[in-house]
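S.K.: Got a sequence here, can you build the structure:
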Amino acid sequence: MERMRDVLRGSLARSLRELTDEDRLAAAWPVACGPALAAHAELLHLDAENVLHIRVAGAEWMQQFLHMRSALANDLGRIAGVRLAAIHFEERQQQGRAVNRSTAAPKRNRSRS
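M.R.: Below is the predicted model:
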C-alpha cells in the first residue's frame with residue numbers, strides 16, 4: 001500500500017509542474033495530509049518568503065496539524081515541488097476571527113530521491 005502511495009505522489013508531482021506554486025500546494029494538500037484531515041484546514045496563501053499560511057478549523061484540529069507540521073512541510077514541498085521555508089498555522093475562531101498559533105521552519109529532508 002505504501003508503495004502505491006509513493007507512485008501516486010510521484011505521478012501527481014509530475015502533473016503539477018505547469019501550475020503556480022500556490023496551485024501546486026493546494027493540489028498536493030489532500031495527498032500530503034489525507035482528505036479527512038485536509039477538510040479541516042484551508043490553505044490561505046504562500047508569502048514572498050515561502051511561508052505557507054494555513055487556517056485550521058478550531059483548537060481540536062490545531063493540535064493534530066501541529067503534531068504533523070514537519071511531515072506536512074516535507075511532503076507538501078516534495079509533492080508540489082515547492083521549497084517551503086515554514087508553515088504558519090492560524091486557528092479559525094467561532095466569531096470569524098483568526099488567532100495565530102504557530103510558525104515553524106520545516107525540518108530539512110537530507111535524503112533526496
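
S.K.: Show me where the protein dips below the pLDDT cut-off.
M.R.: 1, 9, 12-13, 16, 94-113 (pLDDT under 70).

S.K.: Quick one: the strands in it, in order.
M.R.: Assigned by DSSP state E, the chain shows strands spanning 41-46, 51-56, 86-92, 98-104.

S.K.: JSON lines for the ones you listed, including mean neighbour count?
M.R.: Heads up, the C-betas are built off the backbone N, CA and C, glycines and all. Converted to JSON lines, these look like this (neighbours: other CB atoms under 10 Å):
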{"stretch": "strand 41-46", "mean neighbour count": "17"}
{"stretch": "strand 51-56", "mean neighbour count": "20"}
{"stretch": "strand 86-92", "mean neighbour count": "20"}
{"stretch": "strand 98-104", "mean neighbour count": "14"}
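
S.K.: how about CSV for those strands, with distance to residue 33 added?
M.R.: Formatted as CSV, the strands of the chain follow (distance: least, CB to CB, whole Å):
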stretch, distance to residue 33
strand 41-46, 8
strand 51-56, 10
strand 86-92, 11
strand 98-104, 15
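
S.K.: May I have the distance across stretch 45-58, first residue to last?
M.R.: End-to-end distance for stretch 45-58: 19 Å, by CA to CA, to the nearest Å.

S.K.: How far does it sit from its chain's centre?
M.R.: Here stretch 45-58 is found 9 Å from its chain centre; the criterion is CA atoms, centre = their mean, to the nearest Å.

S.K.: So which residues make contact with it?
M.R.: Stretch 45-58 is contacted from outside by 21-22, 25, 40-44, 62, 65, 73, 76, 82-92, 98, 101, 103, using CB atoms under 8 Å, 6 or more residues apart in numbering.

S.K.: nearest residue to residue 19 other than its sequence neighbours?
M.R.: Distances taken as CB to CB, 6 or more residues apart in numbering place residue 27 nearest to residue 19, at 6.9 Å, with adjacent residues excluded.

S.K.: do the same with residue 85
M.R.: Nearest non-adjacent residue to residue 85 (CB to CB, 6+ apart): residue 50, at 4.3 Å.
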